Each structure stands twice: as C-alpha cells, then as structure tokens.
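Undergrad: Model the following, please.
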Amino acid sequence: MTALSASASSASDTPLRLAADELHLWLGAATTASEPFVRQVLSRYAAIAPAQWRFCRNRHGKPAPLQAPRPLAFNLSDSRHWRICAVSAGAAVGVDLEYCDPQRDVLRLARRYFSVREMAALVACDESERRRRFHDYWTLKEACIKARGAALGAELEHTAFQLRLSAAAGASAGDGIGTILREPPGCNRAHYCLAEPLPDYRLATCWLPAARRRPHLRLLHLSPGGAATDLPLRVRAVSAPLAIPRHAPARESPVAAGHGV
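TA: Coordinates of the predicted model:
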C-alpha cells in the first residue's frame, strides 16, 4: 500500500484535498467508539482538532457537521471488527458495511424485506453464492436509505435493486464489473457502488451529487495510531462508470489480507 500524500490529523496539518467529484471511504478497526473515529477522519479535511467538531442530526438521526469550514458530508457503518466512514464534499452520501455472516438466516430476512425479483434472484443462487448475493442487496438498500436521510424499517421493503453481475465481478477495478439498477427507478441522480473491501465483507455506497458526475472513489485505511494509507478496492458492480485510483502495493497488507490491525 502507498502512503497518503497529505495527512491532516491535527489542526496544524494541511487539509486533505476533496473535490466535488470525489468520494473517500475510510476503513478502520471497530475497537473503540465510532464518534472518535469520525472526528479523526473529518479533521483530515479541515484545520479543526477532532474534539472541536460539532454535529446536528435530522429527524431520523442522521448526523452532519455543524458550522464546518468547508462543505462536508459523511456517513458511517460498523460491522463486526471493522467500520467505514464515507466522506464527500457536501453531497449526500450513504454507506453500509456488512460481514457476510455464515450463521445468518438470509432467506428468512429476504422473505421479510426483499422484492419479488430480488427474492427470485436469491433463490436461483447456489447455496455458496446465496449468502454473498443477499449481502449485495442488503448493503445497497441500506446505503440508499441512509443517503436520503430516511429511517430503515419499512423503507427496506420499498427499496429494491436489480444486479447484473459478471462471473469475474470484483476481480479488479475496471475488470468484470457488474451493473446496478434501481427497481422501480428512484434516486435517479444517485450513483451506486458495490464492493468487497475485505474478504467476507460487502460494502455499498449511494452518492447524490448536485450534478451528474463520474465519481472518483478512494479507499483509505486509518490505523489506531493515526497513520493513513491507500488501499485497493475490489468493485463488484456500479450504476454508472466509476474512476478508481490504481495502487500497487509492494506487499500485501494485513488489512488487504483480511487480518486485524
């Protein structure tokens, strides 16, 4: 993995660049409370100490920076040993990270929350693929709902997707990437991405820019000690073309291999 060119972990450092067409995903170990992690991430983008950030919430509890010195929006998701924080230059964003738990009764949950078409696609999968496909749909649903600042619950039943995955989906950025479609059409200006940031994890993003843009997606790891590094991102499917920086680590990192930090 490669070191970041800019590291703004304190108010004295140079803020990290974040253009209107960029979406940054910060991966970290879920060993402490989530709020300190969010504060550390946001301080990479502004000359504000982590403890000085203030937040407001919408009526469903989605947080946002209060009186930030630059346009910023974020969303957070935790699952098992990891958490992810998505950060944009002000455009609404939703993110969901899920561990593909082999003990989860995916068919029971799907019967409750999936559309007829989604359920049929799930049943058509063989047993080894069914768990992964379930989490493809589930993360997309949650990311879409969270981007809109809505509540989960009934929204899960009314948020549906079609997935057209190639046999090589997730092989590498730009190769064998499938297609994501909303069903029925909704969030028309949203960009969706489905990825595998770690073995046995699914990640979905829903990004709603003010204008149609080709997003530049970047995955970064924030260590408990505050070191930041770029990571490669295995993309399974997108709703529209996506730009992803290509990083060629000299050796496989513990994070990329799915081990703890």
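Undergrad: quick one: the helices in the stretch 51-200 of the chain?
TA: Counting by DSSP state H, counting those that start in this stretch, the stretch 51-200 of the chain has helices at residues 106-113, 116-124, 127-147, 154-157.
Undergrad: Throw the ones you listed into JSON lines and include distance to Ser166, thanks.
TA: C-beta: built from backbone N, CA, C; applies to glycine. Listed next are the helices of the stretch 51-200 of the chain as JSON lines, based on distance: least, C-beta to C-beta, whole Å:
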{"stretch": "helix 106-113", "distance to Ser166": "22"}
{"stretch": "helix 116-124", "distance to Ser166": "15"}
{"stretch": "helix 127-147", "distance to Ser166": "13"}
{"stretch": "helix 154-157", "distance to Ser166": "27"}
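Undergrad: any idea which of the ones you listed is most buried?
TA: Highest mean neighbour count among the helices of the stretch 51-200 of the chain (mean count of other C-beta atoms under 10 Å): helix 127-147, with a mean of 22.
Undergrad: now the angle from that helix to helix 106-113?
TA: With axes from the mean of the first three to the mean of the last three C-alpha atoms, to 10 degrees defining the directions, helix 127-147 sits at 40 degrees from helix 106-113.
Undergrad: And helix 127-147, what does it pack against?
TA: Helices and strands touching helix 127-147, as assessed by 3 or more C-beta pairs under 8 Å, 6 or more residues apart in numbering; DSSP states H and E, comprise strand 73-79, strand 92-99, helix 106-113, helix 116-124, helix 154-157, strand 160-164, strand 191-196, strand 201-208.
Undergrad: And the ones you listed: which comes nearest Arg54?
TA: Using C-beta to C-beta as the criterion, the shortest distance between Arg54 and these is 13.5 Å, found for strand 73-79.
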